[in-house]
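Engineer: Sequence first, then the predicted structure, then my questions.
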Amino acid sequence: MTTLGRRSHFGNTFDAGIWPRGTGCTGDGAMSVAGHDLRTLAAEFGTPLFVLDHDDLIERCGEWESAFASVTDSCDIYYAGKAFLCGAVAQWINAEGLGLDVCTGGELAVALRSGFPADRMTFHGNNKSVGELRTALNSGVGKIIVDSFEEIERVAGIAAEIGVRPKIMIRLTLGVRARTHDAIATAHEDQKFGFSVADGSAGRAVEEILHRPDLHLVGVHTHIGSQIFGAEGFMLSADRAVNFLGDVQRAHGIALGELNLGGGAGIAYTADENPLPVSKLAGELVAAVTSAANRENIPMPRLAVEPGRALIGPSTLTLYEVGTVKPVTVRDAGGSFTRTYVSVDGGMSDNMRPALYGATCTSALVSRPTNAPDIMCRLVGKHCEAGDILIRDLMLPGDVQAGDLVAVAATGAYNRSMASNYNLVPRPAVVAVARDLAPRLIIRRETLDDLVSTDMTLTSECEVSDGSAVRWSSGAGPS
Ligand SMILES: Cc1ncc(COP(=O)(O)O)c(C=O)c1O
Ligand SMILES: N[C@@H](CCCC[NH3+])C(=O)O
């Protein structure tokens, strides 16, 4: 893409399906999303800034719905809120008719406050507290996915106490090792989630639940991990889960009617990553479950899937301002070369995936065109960690300088939702954009007041230390 003889730095990456679908180029060579110039968004809302392309998210929801609807008439799509949840996203997902998977009291509270119907939610988590479970049961959450024997006992106790009979699913561990980073693979034996089928825990969980009149066992759940490209792991897991349903039917004479296959579909963070089209994934999953159900001689269960990243990840980019550009001479066995460290005004606090998983992503200069030849850069944040690296090796135009805007693509999932206040930085704002509409701030930027609001010495309601050396000034100790 060229402008007045100069090229935009990002035009050649549009086709790779990495940037939000509404991404375009302004007349003078800057990046826009849904017609909104990123320079204008940066000026109005500040940086770092998450820019969410609303229509991209909604289109992907529709694609998942129609992909599954075209191969089965009994599949529910739950958006996995852990990827990114706020009031606006919950309302949009609700309006699309999807369900919602929540896994903490916090996610549940945001969803309930947004008006999301509790009966279209599933509640996950390997250590839900009594308080969280009580809120879930009191508000009528659709299904509780139990993950431990303690939890079965807790849910049964709370259900009896408040007089409800919640629908229960059992999270299975099926010995499937997903091909992804170890920290986000979740169905092999040696990790914290689920009841193992192999060691008999899952079978005992079925018995435990069936013996409790306060609980209504409706099915099983599997989730093999996240950022997975092939269908094989999902199919193997589906096959084993159906085998387990067959075992339950043979042992107890009951057909559990629901099978939730979890989330995990991968997205492209770089041009060489090729996610499975959802139409293919849907076809293969439904075929695998159908043939396994026939083999086990059980009725075809109602299916559910829980995509998080695949729906929201590609919809969003993070916009940063460059603060410093520092060429560093690197000496190694082969001689020496220059690596240019480009520091931006965020970093591992708004995107911890590179530091946590060695994840990589795509970035570009988005505020102006240039003809400068690319140079080898490292995109780094502003935190006090040498490992605060957003992109280890990337090419940026050789004239990149302080004040330029760079964007990092595909940051909609597990970026703002995993953001921290490390080094006491305020967490960034999220602005949603759509064509022909004014930008909508859906999460405001945190302020310094937000940061001190939990600090009991600095809040205005509290006594401010007089600086004396005593441990603190008053208050009687234990008598
Ligand atoms: C139970 C469950 N469902 C769904 C998801 C969503 O995963 P993803 O965002 O990879 O689709 C996760 C996260 O891995 C999960 O733990
Ligand atoms: N946080 C992980 C995914 C975990 C999914 C939740 N079980 C990531 O960024 O890839």
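Structural biologist: Received the coordinates, thanks. Ligands and ions are numbered 1, 2, ... in the order given.
Engineer: ok, A413 touching G308?
Structural biologist: Yes - A413 is within contact range of G308, at 5.8 Å (criterion: Cβ atoms under 8 Å). For every residue, glycine as well, the C-beta is placed using N, CA and C.
Engineer: Give the residues shared as contacts by those two.
Structural biologist: 83-84 (Cβ atoms under 8 Å, 6 or more residues apart in numbering).
Engineer: Check the chain for the residue nearest ligand 2 and tell me.
Structural biologist: Y414 (3.1 Å; Cβ to the nearest ligand atom).
Engineer: quick one, what contacts that residue?
Structural biologist: 82-84, 308-309, 313, 353.
Engineer: can you put the residues you listed in a markdown table and add neighbour count, distance to ligand 1 and secondary structure?
Structural biologist: Supplementary listing: the contacts of Y414 in a markdown table, determined by neighbours: other Cβ atoms under 10 Å; distance: Cβ to the nearest ligand atom, whole Å; DSSP: H, G, I helix; E, B strand; the rest coil:
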| residue | neighbour count | distance to ligand 1 | secondary structure |
| --- | --- | --- | --- |
| K82 | 22 | 6 | helix |
| A83 | 25 | 5 | helix |
| F84 | 28 | 10 | coil |
| G308 | 25 | 3 | coil |
| R309 | 25 | 4 | helix |
| G313 | 27 | 8 | helix |
| R353 | 21 | 12 | helix |
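Engineer: Among those, which one sits closest to I443?
Structural biologist: F84 (9.5 Å; Cβ to Cβ).
Engineer: Give me every residue in the stretch 201-350 of the chain lying close to ligand 1.
Structural biologist: By Cβ under 6 Å from any ligand atom, the residues of the stretch 201-350 of the chain that approach ligand 1 are 223, 226, 262-265, 306-310.
Engineer: who wins for neighbours among those residues?
Structural biologist: The most neighbours of any of these, using other Cβ atoms under 10 Å, belong to G264, which has 30 neighbours.
Engineer: remind me, longest strand of the protein?
Structural biologist: strand 316-332 (DSSP state E).
Engineer: Please list the outside residues in contact with whichever helix or strand comes after that one.
Structural biologist: Downstream of strand 316-332, the first helix or strand assigned by DSSP states H and E is strand 335-344. For strand 335-344, contacts defined as Cβ under 8 Å, 6+ apart pick out 48, 320-330, 375-382, 390, 396, 400, 406.
Engineer: Give me the angle between strand 335-344 and strand 316-332.
Structural biologist: Angle, strand 335-344 to strand 316-332, by axes from the mean of the first three to the mean of the last three Cα atoms, to 10 degrees: 150 degrees.
Engineer: Give the pairing partners of strand 335-344; include direction for each.
Structural biologist: Sheet pairing of strand 335-344 (DSSP bridges) gives strand 316-332 (antiparallel), strand 374-380 (parallel).
Engineer: Of the ones you listed, which stretch is the most buried?
Structural biologist: strand 374-380 (a mean of 19; mean count of other Cβ atoms under 10 Å).
Engineer: next structured bit after it?
Structural biologist: Past strand 374-380, the next helix or strand by DSSP H and E is strand 389-397.
Engineer: Just the CA atoms of that following strand, as PDB, please.
Structural biologist: Extracted in PDB, the C-alpha atoms of strand 389-397 (Å, rounded to 0.1, in the frame of the first residue of the first chain):
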ATOM      1  CA  ILE A 389       9.900  -8.100  25.600                       C
ATOM      2  CA  LEU A 390       6.700  -7.900  23.400                       C
ATOM      3  CA  ILE A 391       8.400  -9.100  20.200                       C
ATOM      4  CA  ARG A 392      11.900 -10.500  20.300                       C
ATOM      5  CA  ASP A 393      12.700 -10.000  16.600                       C
ATOM      6  CA  LEU A 394      10.800  -7.800  14.200                       C
ATOM      7  CA  MET A 395      11.500  -5.600  11.300                       C
ATOM      8  CA  LEU A 396      10.500  -1.900  11.700                       C
ATOM      9  CA  PRO A 397      11.400   1.000   9.400                       C
END
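Engineer: what's the angle from that strand to strand 374-380?
Structural biologist: 160 degrees.
Engineer: what's next to strand 389-397, contact-wise?
Structural biologist: 9, 340, 342, 344, 347-348, 351, 354-355, 360-365, 370, 372-381, 406, 408.
Engineer: what about burial for those residues, which qualify?
Structural biologist: 9, 340, 342, 344, 347-348, 351, 354-355, 360-365, 370, 375, 377-381, 406, 408 (16 or more other Cβ atoms under 10 Å).
Engineer: any idea how far R471 is from the residue of the chain positioned farthest from its centre?
Structural biologist: Distance from the centre of the chain peaks at S479, with 48.9 Å (Cα atoms, centre = their mean). Using Cβ to Cβ, to the nearest Å, one obtains 18 Å as the distance from S479 to R471.
Engineer: before we move on, what about L256?
Structural biologist: Counting by Cβ to Cβ, the gap from L256 to R471 is 58 Å.
Engineer: And for V325?
Structural biologist: In this view, V325 and R471 are 46 Å apart by Cβ to Cβ.
Engineer: again, but for G62
Structural biologist: For G62 relative to R471 (Cβ to Cβ), the value is 60 Å.
Engineer: Grab the nearest non-local neighbour of the spatially most central residue of the chain.
Structural biologist: Within the chain, one residue has its C-alpha closest to the average C-alpha position: by Cα atoms, centre = their mean, that is A83, at 1.8 Å. Closest residue to A83 apart from its sequence neighbours, by Cβ to Cβ, 6 or more residues apart in numbering: G308 at 3.2 Å.
Engineer: Next: E65.
Structural biologist: In space, E65 is closest to I77, 5.8 Å off (Cβ to Cβ, 6+ apart).
Engineer: That neighbour - that's part of a strand, no?
Structural biologist: Yes - counting by DSSP: H, G, I helix; E, B strand; the rest coil, one finds I77 located in a strand.
Engineer: partners of it in the sheet?
Structural biologist: V305.
Engineer: per-residue pLDDT, it?
Structural biologist: For I77, the pLDDT comes out at 98.
Engineer: so who does it touch?
Structural biologist: By Cβ under 8 Å, 6+ apart, the contact set of I77 is 61, 64-65, 68, 98-99, 304-307.
Engineer: rerun at 10 Å
Structural biologist: 61, 64-65, 67-69, 93, 96-99, 278, 282, 303-307, 311 (Cβ atoms under 10 Å, 6 or more residues apart in numbering).
Engineer: Of these, just the buried ones, PyMOL syntax please.
Structural biologist: Buried residues within these, by 16+ other Cβ under 10 Å, are selected in PyMOL with:
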select buried, resi 61+64+65+67+68+93+96+98+99+278+282+303+304+305+306+307+311
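Engineer: per-domain residue ranges of the protein.
Structural biologist: 23-47+316-411+415-448, 54-313 (the TED database).
Engineer: now the ones you listed as JSON lines including distance to T457?
Structural biologist: As requested, the domains of the chain are exported to JSON lines (distance: least, Cβ to Cβ, whole Å):
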{"stretch": "domain 23-47+316-411+415-448", "distance to T457": "14"}
{"stretch": "domain 54-313", "distance to T457": "25"}
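Engineer: what's the residue in the stretch 351-479 of the chain that ligand 1 sits nearest to sitting at in phi/psi?
Structural biologist: As assessed by Cβ to the nearest ligand atom, ligand 1 sits closest to A413 within the stretch 351-479 of the chain, at 5.7 Å. The phi and psi values for A413, taken as degrees, to the nearest 10, are phi -110, psi 140.
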